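Visitor: I'll drop the sequence and a predicted model, then ask my questions.
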Amino acid sequence: MDHFVDLTLGGLASGAVYAALALSLVIIYQATRLVNFAQPALALVAVYTAATVAPLTGSYWLGFAAALTAGTAAGALVERFVVRPIARVSRLNGIIVTLGLLLVAQGGVGMVWGNDQHGFRYAFDFVGRPSPADVFALASVAAVAVLLFCLYRHTPLGLRMRAAALHPEAARLSGVRAGLMLTAGWAISALIASLAGMLAGPPFISPNVFDAVFVYGITAAVVGGLDNPFGAVVGGLLVGLGMSYVSGYAGPELATLTALALVVLVLSVRPDGILSRPAARKV
Amino acid sequence: MSTSATEREPRTAGGPARRRVDLPSPLRHLLLAALALAAVAGLLLVTGDLTALRLAAVGYTMLAVAGLQLLVGGSGQVSLGHGAFMMIGAYTMALLVLRLPMLPLAGNLVAVVAVATVAGVAVGAATARLHGPYLAGATLILAVGLPGLTHRYHEVLGGSNGLTVRTAGAPPFLQGLVSGSEWKALVVWTAVVLGLAVLATVSTGRLGRRMRAVRDDETAAAMSGIPVGATKVTAFVVASAAGGLAGGLQVYVLGTATPSMFTLSLSLTLLAALVLGGIGSMWGALWAALAVVYLEIWLSDAVRAFELGKDVENNLPIVLFGVLLILVLRFQPLGLHGILQRLRALLRRAR
């Protein structure tokens, strides 16, 4: 029974990270109908910035702030100068270009810091269940979700962003700078991905550290529906729990393939995720 | 705009003077395959062992990229799991050589194709209802998750050390005539050109036409009576079989299969190479394979010359492929093949 409680608490903590990643994917998907496979690249930028800044300044939290800043800036720049000109031409190319960014980031990090693992510390003590680090993960992701909800529902910026996503032409005609809103969406998404990276990185970081985490993030987003932020959060927690049980009882190597089975199963029954409304299609 | 112009050009400009005998398409592709094999054999005659191994690498890489070309360029499905099918082929080959050493090589290769086909049917049928980003996501999970199985079934699959096999060299009656590496290159290319002939026949035939219709507009294709699901699954299966065979050939040449050979970077590099070579054409696969094999060699030579260290040497090809992928998509979406086609059209106009 203790084992079960342990797995549940651990699953919730890692589920919070998957929820954050899923949320960051959903933000971009809602705005541009694009799944951003470069999300782990942004998280990589963040954690390696932290790993560089924290020892220099001697403060974990300065590194943390630098990481979020660097990740957010990278997201905004990449959207404006790389993804937008290409995704405008073809959505397929848009997906492929985010994969190119992932290659560049993984290879680039490997070139500078090597492919070996580096130690990377937790924000708080990680001993015990629930450990302070687990609580921090859950609390920060919950805060992000609430802030995001408020931003989209109750601020002029959120309104403009929704307008630009829903109907770019009409939004532009009413004076919304649709392009800028797109960049803002990517920046917010990159900020959340950086946070997820800072939570998921420890205890070790390497160029491929986020592959598996991203897989679960995608699983969560797909299970919840790519255009449903609430679905993403619920999906993240469910995937976190599920993967924790599978790793705990059946073996960690099977977790990824279980995620694959889950994605396939869910999408075969509901091609757009559990919590999404079916869309009509015009020819 | 320019593509449709260059594509129409030969038909109007060629006219009756360029009329050729219309062989049935499988026969024509086999003929081309034989020519290609002869060309490779000729190349092997004038080059050494090292080049032979590199040519073999170009061969199996080309087959893998050509399979991906059929899937992505033909049917418009983005698969990030192509490396996973290469891995399935590679491990099947290694296990066959280790466990059933009496089987002949051709039998092994047929078995490899069969296993990859079955895996392709399983994954393809499971993902048949997934579209666009969902399929890319699901195949990404496959590419990340599959190498983990080698740790899970450590006794059979050898964990992170993988499997090492010894494959036979040239048959006795050819000893002294061709070296071991040259023989391997010949075997690889024989299998590769046969595989390419099948891929070319598929993509120029009815199935290819259906795939392109599905790619351009799924709903419209369905309304014209094309079985959309079956077409997509078939494309997936053919691509997986090509990937599996490529993986099997890789083991035959290198003699080892490890999980670190089949990471997500491999799948992404194959996709990047495909876009770089030219996503719309089988020729693109050749430029892609040459780029994958030779860029890596030249880069590691350059890195050694400048003494930049191992980290740079291991990662520079990945970065370069990523950068090239982005640049090609931005400025030249049809890749190298598109550039060549445009040059050819320019030359013809100049004449």
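Guide: Arrived safely, thanks for sending.

Visitor: what ranges of the stretch 151-283 of chain A fall below the confidence cut-off?
Guide: A:275-283 (pLDDT under 70).

Visitor: which residues touch residue B:56?
Guide: B:181, B:184, B:185, B:188, B:189, B:249, B:253 (Cβ atoms under 8 Å, 6 or more residues apart in numbering or on different chains). For glycine as for every other residue, the C-beta is placed from the backbone atoms N, C-alpha and C.

Visitor: can you name the two of these that are farthest apart?
Guide: Distance extremes for the contacts of residue B:56: the farthest pair is B:181 and B:249 at 13.8 Å, using Cβ to Cβ.

Visitor: between the two, who's got more neighbours?
Guide: Counted by other Cβ atoms under 10 Å in any protein chain shown, residue B:181 and residue B:249 do not tie: residue B:249 has more neighbours, with 30 against 21.

Visitor: The more buried one and residue B:64 touch, don't they?
Guide: No. When contacts are counted by Cβ atoms under 8 Å, residue B:249 is not listed as touching residue B:64 (9.2 Å).

Visitor: before we move on, the earlier item: hmm, which of the contacts of residue B:56 is lowest in pLDDT?
Guide: Least confident entry in those, by pLDDT: residue B:181, with 79.

Visitor: got the contact list for that one?
Guide: Applying Cβ under 8 Å, 6+ apart, the residues contacting residue B:181 are B:49, B:50, B:52, B:53, B:56.

Visitor: how about 10 Å then?
Guide: By Cβ atoms under 10 Å, 6 or more residues apart in numbering or on different chains, the residues touching residue B:181 are B:44, B:48-56, B:169-170, B:253.

Visitor: Residue B:64 too?
Guide: With Cβ under 10 Å, 6+ apart, residue B:64 has these contacts: B:82-83, B:85-86, B:89, B:192, B:195, B:239, B:242-247, B:249-250, B:266-267, B:270, B:273-274, B:285, B:288-289, B:292.

Visitor: mind listing what residue B:55 touches?
Guide: Counting by Cβ under 10 Å, 6+ apart, residue B:55 has contacts B:40, B:43, B:44, B:47, B:181, B:182, B:184, B:185, B:186, B:188, B:189, B:293.

Visitor: Any idea how many residues pack against residue B:255?
Guide: Residue B:255: 15 neighbours (other Cβ under 10 Å).

Visitor: Tell me how far it lies from residue B:189.
Guide: As defined by Cβ to Cβ, to the nearest Å, residue B:255 lies at a distance of 18 Å from residue B:189.

Visitor: Equivalent analysis for residue A:153, please.
Guide: Relative to residue B:189, and taking Cβ to Cβ, residue A:153 is found at 62 Å.

Visitor: More neighbours: which of the two?
Guide: Taking other Cβ under 10 Å, residue A:153 and residue B:189 do not tie; residue B:189 has more neighbours (27 against 10).

Visitor: With only the CA atoms kept, save the strand or helix carrying residue A:246 in PDB.
Guide: Secondary structure from DSSP states H and E places residue A:246 in helix A:229-249. This file holds the C-alpha atoms of helix A:229-249, laid out as PDB (Å, rounded to 0.1, in the frame of the first residue of the first chain):
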ATOM      1  CA  PRO A 229      -6.400  23.700 -22.100                       C
ATOM      2  CA  PHE A 230      -8.400  22.000 -19.400                       C
ATOM      3  CA  GLY A 231      -8.100  18.700 -21.100                       C
ATOM      4  CA  ALA A 232      -4.300  19.200 -21.200                       C
ATOM      5  CA  VAL A 233      -4.100  19.700 -17.500                       C
ATOM      6  CA  VAL A 234      -6.300  16.700 -16.700                       C
ATOM      7  CA  GLY A 235      -4.500  14.700 -19.300                       C
ATOM      8  CA  GLY A 236      -1.200  15.600 -17.800                       C
ATOM      9  CA  LEU A 237      -2.100  14.400 -14.300                       C
ATOM     10  CA  LEU A 238      -3.700  11.200 -15.700                       C
ATOM     11  CA  VAL A 239      -0.700  10.400 -17.800                       C
ATOM     12  CA  GLY A 240       1.600  11.200 -14.800                       C
ATOM     13  CA  LEU A 241      -0.300   8.800 -12.600                       C
ATOM     14  CA  GLY A 242      -0.600   6.100 -15.300                       C
ATOM     15  CA  MET A 243       3.100   6.200 -16.200                       C
ATOM     16  CA  SER A 244       4.000   6.100 -12.600                       C
ATOM     17  CA  TYR A 245       2.000   2.900 -12.000                       C
ATOM     18  CA  VAL A 246       3.300   1.300 -15.200                       C
ATOM     19  CA  SER A 247       6.900   2.200 -14.200                       C
ATOM     20  CA  GLY A 248       6.400   1.100 -10.700                       C
ATOM     21  CA  TYR A 249       4.700  -2.200 -11.300                       C
END
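
Visitor: Give me the helices and strands touching that helix, please.
Guide: Where contact means 3 or more Cβ pairs under 10 Å, 6 or more residues apart in numbering or on different chains; DSSP states H and E, helix A:229-249 is packed against helix A:2-32, helix A:132-154, helix A:210-224, helix A:255-269.

Visitor: closest to residue A:234 out of those helices?
Guide: Closest approach to residue A:234 among the helices and strands packed on helix A:229-249 is made by helix A:210-224 (5.8 Å; Cβ to Cβ).

Visitor: now the angle from the closest one to helix A:255-269?
Guide: With axes from the mean of the first three to the mean of the last three Cα atoms, to 10 degrees as the basis, helix A:210-224 and helix A:255-269 are set at 20 degrees to each other.

Visitor: any chance you could map the helices in the stretch 151-300 of chain B?
Guide: In the stretch 151-300 of chain B, helices defined by DSSP state H, counting those that start in this stretch lie at B:154-157, B:180-204, B:206-216, B:218-223, B:228-254, B:264-277, B:282-306, listed in chain order.

Visitor: thinking again about what came up before, how about the helices and strands packed on helix A:229-249, which one is nearest chain B?
Guide: helix A:255-269 (3.0 Å; Cβ to the nearest Cβ).

Visitor: do that closest one and chain B meet at all?
Guide: Yes. With Cβ under 10 Å from any Cβ of the partner chain as the measure, helix A:255-269 is seen reaching chain B through A:255-269.

Visitor: can you check stretch A:155-165 too?
Guide: No. Using Cβ under 10 Å from any Cβ, we find that stretch A:155-165 stays clear of chain B, coming within 16.2 Å at best.

Visitor: Show the contacting residues for residue B:78.
Guide: A:35, A:37, A:92, A:95-96, A:99, B:68, B:71-72, B:132-133, B:135-137, B:139-140, B:271.

Visitor: Using the three-state scheme, assign it.
Guide: Following DSSP: H, G, I helix; E, B strand; the rest coil, the label given to residue B:78 is coil.

Visitor: tell me which element the closest residue to it other than its chain neighbours is part of?
Guide: Spatial nearest neighbour of residue B:78, excluding adjacent residues (Cβ to Cβ, 6 or more residues apart in numbering or on different chains): residue B:136 at 4.4 Å. Using DSSP H and E, residue B:136 maps to helix B:132-145.

Visitor: Nearest to residue A:16 among the helices of the stretch 151-300 of chain B would be which one?
Guide: Of those, nearest to residue A:16 by Cβ to Cβ is helix B:264-277, at 24.3 Å.

Visitor: Give me the mean pLDDT for the closest one.
Guide: Average pLDDT, helix B:264-277: 87.

Visitor: Does it reach chain A?
Guide: Yes. Helix B:264-277 lies within reach of chain A by Cβ under 10 Å from any Cβ, at B:264, B:265, B:267, B:268, B:269, B:271, B:272, B:274, B:275.
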